[in-house]
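Provide a 3D model corresponding to the input given below.
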Amino acid sequence: MRTSLTICWLVMALAVPVVAQQTSVTGVRPLVFGTVFPGVPSSVLRTDPLNSGQFDLKAHPGGTASLTFLLPAVMTGPAGATLPLVFGGNDAGFSASQSIGSQVAFDPRTSYLATFVGNRASVFLGGTANPSAGQRAGNYTGTITLTVVFF
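Okay, here's the model as predicted:
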């Protein structure tokens, strides 16, 4: 039996001070687990260029921003079925150069204070889907919220 999962487009809540008119957050890519098999955990690394979630940030050079994720414990699928998710201590990354290969890892379960070198940066997210042995087949979705407060 195949269980197909897809995390819905990452939703962003954005808190921006009035003076930060040149700041922005853009969702680039959703976190996607692809086809998952019952009883077999499926992990996506934050460094995965196709499946990790990605947000691009624009801010003032030398500025800082607080990054806070709201992470779901499960994805929801057919007839209310749920599929557990786990996010570990190194599942998020911040790249001041927007390079997936040069990230500073951080725990997405806690806030992270990011410092901008230039005026652009990226945030990446991975995680693990833990389907049960009797997981119902179908598409599963969840919402991940990233709140960014620019200073």
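
Gly93 is in contact with Ala105, correct?
Yes - taking contacts as Cβ atoms under 8 Å, Ala105 lies within contact range of Gly93: 5.3 Å. For glycine as for every other residue, the C-beta is placed from the backbone atoms N, C-alpha and C.

can you pull the contacts of the residue nearest to the spatial centre of the chain?
The structure's the chain has its C-alpha centroid closest to Leu125; by Cα atoms, centre = their mean the separation is 3.6 Å. Contacts for Leu125 (Cβ atoms under 8 Å, 6 or more residues apart in numbering) come out as 10, 31, 46, 52-54, 69, 87, 91-93, 108, 144.

taking these one by one, which sit in strands?
Per DSSP state E, strands hold the following members of these: 53-54, 69, 92-93.

Output those residues in CSV; the columns should cover distance to Gly118, pLDDT and neighbour count.
Converted to CSV, the ones in strands among the contacts of Leu125 look like this (distance: Cβ to Cβ, whole Å; pLDDT from 0 to 100; neighbours: other Cβ atoms under 10 Å):
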residue, distance to Gly118, pLDDT, neighbour count
Gly53, 22, 98, 27
Gln54, 17, 98, 21
Phe69, 23, 98, 22
Ala92, 20, 99, 28
Gly93, 17, 99, 23
